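Engineer: Provided below for reference: sequence and predicted model.
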Amino acid sequence: MQSSRELNSSIGRLTTLFQKERIPEPGTILGIISQIKDYTYSIYFMNEDSMLRKNKNAQETADQIMLFMAIFSLSATLISLFFIYGLPIYISKPLETIEKSITEIAKGNYNVKIPITTKDEYGQIASSFNVMTAKLNEFEKSNLSKLLTEQKRMNALINQLDEVIIGLDEDKRIIFINEHGLKVLGLKRKMVLGKYAQELASKNELFNDLIKELMIPFLPDEEKVFKPIKIVEHGKEKLFSKNVVDIHEKPTGEERTKLRGHVIILSDITAYEEKDKQKTHFISTLSHELKTPVAAINMSANLLKNTKTGNMNEEQLDLLQTIDNNNERIKRTINEILDISKIESGTIDVYKEPYDTENLIDTAIDGVALFVKDKDLKIKKDIKGLHSLINVDAHKLVWILNNFLTNAIRYAPLGSEIKVSAEMNNGYVKISVADRGKGIEFKDQQKLFKKFTQLEQRKEGTGLGLAISKEFIEAMGGKIGLKSEVGTGSTFWVECPIAR
């Protein structure tokens, strides 16, 4: 500012000198011009210095702004990373703690507690959760005493029963056995409880018979049949029926049931067996006694048919035919009762020899030819080039096939076809008889092979034919079964062992 004023002052003096009338001295003018020059340079350098300072200040300001921007960007990035990664962890960590605690409670551990580290919503949840677990713990302790009381009551109950009752868990470890069971099996409680069934079975042959079906379980579609067990008690042989009940449970929150254990029940059926034998003996005796009058009726009917005894009119011949039909029905019933009596008494005789499958099938078909003709049916035979011999009792197998064919003829629609087929099947020859009748409901199919079983739509006969067929084929080492759907017909089959 000082140089600027002095420069203006010098320029003013120079102007004043030229405005005067006389011309100023050259030396004076040059002195003033020299001053003006010096002042001008001084101002120039001052301006240049000022510009440099301002430029430096501007550069420093820009550097500061860049630094602030870098710090701001880094801070924003760190905050963003925290919200992206840190916040979910911060939020989920308490939830994981709660989840683990709930899992422990589901397992029955009611002593679990969640540490309270904050006073926010999570802290309130943790506090409420801890109150809940404390109440559950109290509830469990109060229920435990009730459960122990119920367990004692249950033990007292099963100990009063005359049946043998044994309980196993899902790992087949023995968890309870009643007093009668210990007595019958000749065991002591401390030797049994907590032991694996397989371990005990290796030391006790009778117990091995009890758990046999548990070691080799039934197939899903296989009928559960447990054979009676003979046990010597107090020097007397007794017969016990066996039943194994599988215990299933559907855990809370799950869709499928889980196997939780088994209960084996043995019931003394000795008295019933003795009465059944008496009944079988009575029926057998009665059947034998009935054979004599039936034979007499048959002989009398044949005599009446003979023209030597005289001619009969049409009405008399019809009555005679009715006598013949009913007599044959009585004979068939007597024979079936005698067969089932032999089966029950264990005196059934089986004479197995190698036979040609097709010949036996033809024999069975010939036996029902007349009935086939009466209903205008057709029998289609499909042997599929089978040439294997089967090891069977020919008389009994033909009887079984006759029974299948008779049933098929009885329930097949008029004019329909009955198919008899034979094929190889895993070391057996499978012989099937299929009809196109009404079919049999699934719930009734297994009943058909039980004695004296008749379905609503199958009221004819004694209900013994299929039961006898089952005993016959099993005595020959074979199998029997059926496949049927309502409205499409039924297929009865037997599997006969191949002759070696």
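Structural biologist: Sure thing, it's come through. Numbers count the residues shown, from 1 in each chain.
Engineer: tell me the domain boundaries of this structure?
Structural biologist: 2-94, 161-268, 274-345, 353-497 (automatic domain parsing).
Engineer: And these: which comes nearest S128?
Structural biologist: Nearest to S128 among those is domain 2-94; the distance by C-beta to C-beta comes to 13.2 Å. From N, CA and C alone the C-beta is placed, and that goes for glycine too.
Engineer: what's the most buried one of the domains of the chain?
Structural biologist: domain 353-497 (a mean of 17; mean count of other C-beta atoms under 10 Å).
Engineer: hmm, back to that, dump the domains of the chain to CSV, plus distance to I114 and mean pLDDT.
Structural biologist: Listed next are these as CSV, based on distance: least, C-beta to C-beta, whole Å; pLDDT from 0 to 100:
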stretch, distance to I114, mean pLDDT
domain 2-94, 8, 70
domain 161-268, 21, 82
domain 274-345, 67, 73
domain 353-497, 54, 86
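Engineer: Reformat those as JSON lines; add distance to L136.
Structural biologist: Listed next are the domains of the chain as JSON lines, based on distance: least, C-beta to C-beta, whole Å:
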{"stretch": "domain 2-94", "distance to L136": "21"}
{"stretch": "domain 161-268", "distance to L136": "14"}
{"stretch": "domain 274-345", "distance to L136": "56"}
{"stretch": "domain 353-497", "distance to L136": "45"}
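Engineer: Please identify which of these is closest to S101.
Structural biologist: Comparing those by C-beta to C-beta, domain 2-94 comes nearest, at 10.6 Å.
Engineer: show me where the stretch 1-150 of the chain has helices.
Structural biologist: For the stretch 1-150 of the chain, the helices defined by DSSP state H, counting those that start in this stretch cover 2-19, 26-81, 87-106, 121-160.
Engineer: Among the domains of the chain, which comes closest to F129?
Structural biologist: Across the domains of the chain, closest to F129 is domain 2-94 (C-beta to C-beta), at 10.7 Å.
Engineer: Would you mind stating the distance between T77 and V433?
Structural biologist: 85 Å (C-beta to C-beta, to the nearest Å).
Engineer: Let me fix that, I meant to ask about R500.
Structural biologist: According to C-beta to C-beta, R500 stands 26 Å off from V433.
Engineer: What of S128?
Structural biologist: 72 Å.
Engineer: what's the answer for F129, then?
Structural biologist: The value you get for F129 to V433, if C-beta to C-beta is used, is 69 Å.
Engineer: can you check F282 too?
Structural biologist: With C-beta to C-beta as the criterion, F282 and V433 are 34 Å apart.
Engineer: Listing partners with orientation, what would you give for the strand ranked longest in the chain?
Structural biologist: For the chain, the strand with the greatest residue count under DSSP state E is strand 236-249. Strand 236-249 has the following strand partners under DSSP bridges: strand 229-233 (antiparallel), strand 258-268 (antiparallel).
Engineer: so can I have a markdown table of those strands showing distance to E441?
Structural biologist: Below are the strands paired with strand 236-249 laid out as a markdown table (distance: least, C-beta to C-beta, whole Å):
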| stretch | distance to E441 |
| --- | --- |
| strand 229-233 | 33 |
| strand 258-268 | 29 |
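Engineer: how many neighbours does the residue nearest to K238 when sequence neighbours are not counted have?
Structural biologist: With C-beta to C-beta, 6 or more residues apart in numbering as the criterion, K238 has its nearest non-adjacent residue at 4.5 Å, and that residue is T270. Using other C-beta atoms under 10 Å as the criterion, T270 is surrounded by 16 other residues.
Engineer: So which residues of the stretch 351-500 of the chain form helices?
Structural biologist: Per DSSP H, counting those that start in this stretch, the stretch 351-500 of the chain carries helices over the ranges 357-367, 369-374, 394-411, 442-445, 465-475.
Engineer: can you check the stretch 151-300 of the chain too?
Structural biologist: Going by DSSP H, counting those that start in this stretch, the stretch 151-300 of the chain shows helices at 179-185, 189-192, 197-201, 205-210, 212-215, 270-305.
Engineer: Which one, of those helices, ends up nearest to E474?
Structural biologist: Between the helices of the stretch 151-300 of the chain, helix 212-215 lies closest to E474; by C-beta to C-beta that is 17.6 Å.
Engineer: The closest one packs against which elements?
Structural biologist: helix 197-201 (3 or more C-beta pairs under 8 Å, 6 or more residues apart in numbering; DSSP states H and E).
Engineer: Please repeat the previous calculation with a cut-off of 10 Å.
Structural biologist: When contacts are defined as 3 or more C-beta pairs under 10 Å, 6 or more residues apart in numbering; DSSP states H and E, helix 212-215 sits against helix 197-201, strand 236-249, strand 258-268.
Engineer: Any idea which of those gets closest to L161?
Structural biologist: strand 258-268 (9.2 Å).
Engineer: Can I get that closest one as CSV, trimmed to CA atoms?
Structural biologist: C-alpha atoms of strand 258-268 as CSV (Å, rounded to 0.1, in the frame of the first residue of the first chain):
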residue,chain,number,x,y,z
LYS,A,258,-40.6,-93.5,15.8
LEU,A,259,-40.2,-96.9,17.3
ARG,A,260,-39.8,-96.6,21.0
GLY,A,261,-39.7,-100.2,22.1
HIS,A,262,-41.5,-103.6,22.2
VAL,A,263,-43.6,-105.5,24.7
ILE,A,264,-43.5,-109.3,24.7
ILE,A,265,-46.6,-111.0,26.2
LEU,A,266,-46.9,-114.7,26.9
SER,A,267,-50.2,-116.2,27.9
ASP,A,268,-50.8,-119.7,29.3
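Engineer: Please report phi then psi for N426.
Structural biologist: The phi and psi values for N426, taken as degrees, to the nearest 10, are phi 50, psi 60.
Engineer: got the contact list for it?
Structural biologist: Applying C-beta atoms under 10 Å, 6 or more residues apart in numbering, we find N426 in contact with E495.
Engineer: How about V433?
Structural biologist: Going by C-beta under 10 Å, 6+ apart, the list of residues near V433 reads 361, 364-365, 379, 400-409, 418-421, 482, 490-494.
Engineer: Please repeat the previous calculation with a cut-off of 7 Å.
Structural biologist: 401, 404-405, 408, 418, 420, 492 (C-beta atoms under 7 Å, 6 or more residues apart in numbering).
Engineer: Could you find the closest non-adjacent residue to I166?
Structural biologist: Excluding its sequence neighbours, the residue lying closest to I166 (C-beta to C-beta, 6+ apart) is I264, at 4.4 Å.
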